[in-house]
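[1] fold the following and give me the result.
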Amino acid sequence: MTVQHMFKAKLKLLATAVFLCGAGLAMAQDSGPLIDILVRKGLISDQEAEDLRAELIKDFAANTSAGKLNVGSHLTEFKLGGDVRLRHQVETQAPQNGTVSNERTRERFRFRFNGDFLMQKGWGAGFAFETAPAADSGNQTFENGNNDYSLYLARAYVSWRPSMNLLLTGGKQKNPFFTTDMIWDADINPQGATEIYTHYLGSKDTLEFRAGQILMDDNTESAGGRAGRDAWLFAQQAVYTKWFGKDAIGNVVNSFILAPGFMVYNDSTLSGLDNETPFNGTTDGLAVFTLPGEVNWMNVVGAGTGLKLYWDFAYNLEAERRVRRVYGLAGQPKDATAWLVGLGYAYGAGKVQGDYSLKLDYRSVGTGSVDVNLSDSDWAFGRVNQEGFKLAGTYNLTDFANLAVTYFYTTDKRETQTSAVGNLDHSQILQVDLVVKF
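    Coordinates of the predicted model:
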């Protein structure tokens with residue numbers, strides 16, 4: 001037996017022993033990254049990795065009390081979880097050329113439950129449920145005399161990883177793009193097909209190519225013309241990640257990420273959208289170049305602390321058409337640019353009691369710059385023609401519960417806007433959240 005074969009055998013025996021001695025389901029869930037690294041280093045083959053994952057799951061099922069857990073032999077890893085969020089929200093928004101500010105206080109909640117499954121031969125699947133139908137919000141406001149609330153399917157996807165470098169996913173899925181909420185609301189789960197190809201540069205640096213063919217609306221073909229074409233959003237992005245700097249024991253811990261991208265619609269129409277500030281109409285005039293990025297420095301004022309500088313930039317190549325023809329703002333400047341710059345500080349990774357973080361960013365969003373059906377629904381209530389800041393802080397009360405406070409303030413960039421997507425004079429939102437994870 002060669003030294004490498006002996007090492008492989010000992011590795012499998014050690015992994016199984018640790019699992020049986022008490023690591024249980026957590027070991028089965030967390031083994032994926034470790035096993036992937038062993039495959040990349042050539043210490044075990046793809047098939048041996050699948051066999052090891054399957055053995056961990058089977059061993060857990062066999063040793064579960066009363067045999068209550070029964071999983072298929074093809075399942076190699078699964079995760080179930082979710083959260084409940086209680087929110088107190090105070091908001092103010094004033095329309096342009098108006099004398100009254102619309103003020104509102106709401107008590108809200110959100111429930112989410114999700115599952116992600118890995119199977120043999122690189123296959124995977126997953127789902128998620130949440131408490132609201134809008135793409136950009138899972139919130140429900142407490143009302144209607146204690147009525148019950150509906151539950152909606154937020155994700156349902158199938159994935160296939162034919163190699164360590166390529167991931168293919170279809171269905172309603174997590175957003176695969178590196179982005180900020182200036183472009184993509186964090187609650188949106190795109191639907192369609194996505195592809196991610198990862199090229200490894202040395203031991204840790206990566207260059208990823210990400211693409212998505214996102215189905216935004218299904219139209220009746222018999223309508224003819226643009227109204228008879230399904231609405232598709234095509235997005236492409238290159239994500240370069242460079243690691244640099246070392247901690248006290250020699251680990252490379254700092255990172256730089258730059259992710260240029262481009263998004264464009266086909267010639268179609270949208271209808272029936274009910275997000276915070278929906279635009280139902282033609283997809284014409286949206287061909288947006290994006291450039292998000294960030295720099296992360298670890299252990300800046302002691303072990304476990306981190307400082308982040310992050311940014312985003314967008315320029316719509318067809319902004320003039322979007323503003324004047326689609327929004328009907330004749331004579332108005334095209335305002336094709338949107339930008340964001342922010343700074344964040346964190347103590348810990350937000351996973352254990354006592355961890356906390358603070359973030360502050362400022363952004364300016366021109367009328368013709370971004371797609372209002374995708375951008376953050378909280379900042380300026382999802383509108384364009386606004387500039388202002390977002391201040392957010394979180395504190396972990398326990399390993400599974402945190403308290404978060406977020407404040408938004410925006411004012412208009414240009415007066416006398418008549419389109420609903422940009423006719424807000426100013427806005428404020430204060431959100432106080434208690435989030436419990438399970």
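
[2] okay, CA-based contacts and neighbour counts for the rest of this
    OK.

[3] number of residues surrounding residue 370?
    Per other CA atoms under 10 Å, the neighbour tally for residue 370 reads 29.

[4] that one against residue 335, yeah?
    No: the pair residue 370 / residue 335 is not scored as a contact, 10.0 Å apart, by CA atoms under 8 Å.

[5] tell me which stretches of this structure form helices.
    3-18, 24-40, 46-62, 319-321 (DSSP state H).

[6] name the residues that touch the last one?
    Outside helix 319-321, the residues that touch it by CA atoms under 8 Å, 6 or more residues apart in numbering are 284-286, 333-336, 368-369.

[7] ok, residue 228 - contacts?
    With CA under 8 Å, 6+ apart, residue 228 has these contacts: 219-222, 268.

[8] nope, residue 332 is what I was after
    323-324.

[9] narrow the contacts of helix 319-321 to just the buried residues.
    Neighbour-count burial (16 or more other CA atoms under 10 Å) is assigned, among those, to 284-286, 334-336, 368-369.

[10] tell me how many other residues crowd residue 373.
    Using other CA under 10 Å, residue 373 is surrounded by 26 other residues.

[11] sorry, back to before: just the closest of the contacts of residue 228 to residue 230, please.
    residue 219 (4.9 Å; CA to CA).

[12] any idea how far the closest residue to residue 347 other than its chain neighbours lies from residue 424?
    Among residues not flanking residue 347 along the chain, residue 305 sits closest, at 4.4 Å (CA to CA, 6 or more residues apart in numbering). Applying CA to CA, to the nearest Å, the value for residue 305 to residue 424 is 39 Å.

[13] these two - which one has more neighbours?
    A direct count of neighbours by other CA under 10 Å for residue 305 and residue 424 places residue 424 higher, at 29 against 18.

[14] is that one in a bridge, and if so with what?
    For residue 424, the beta-bridge partners are residue 95 (DSSP bridges).

[15] next one: it from residue 261, what distance?
    29 Å.

[16] what's the answer for residue 176, then?
    Taken as CA to CA, the span from residue 176 to residue 261 is 13 Å.

[17] residues touching the residue lying closest to residue 122 once chain neighbours are set aside, list them.
    In space, and not counting its chain neighbours, residue 122 is closest to residue 161: 4.6 Å by CA to CA, 6+ apart. Residue 161 makes contacts with 121-123, 167-168, as judged by CA under 8 Å, 6+ apart.

[18] among those residues, name the buried ones.
    122-123, 167-168.

[19] show me the shaky parts of this structure.
    Across the chain, the ranges flagged by pLDDT under 70 are 1-33, 40-42, 56-70, 99.

[20] again, only this time at 90
    Residues of the chain meeting the criterion pLDDT under 90: 1-78, 95-102, 202-203, 222-225, 246-250, 275-277, 331-332, 415-418.

[21] can you list the domains in it?
    Under the assignment automatic domain parsing, the domains of the chain span 1-73, 77-437.
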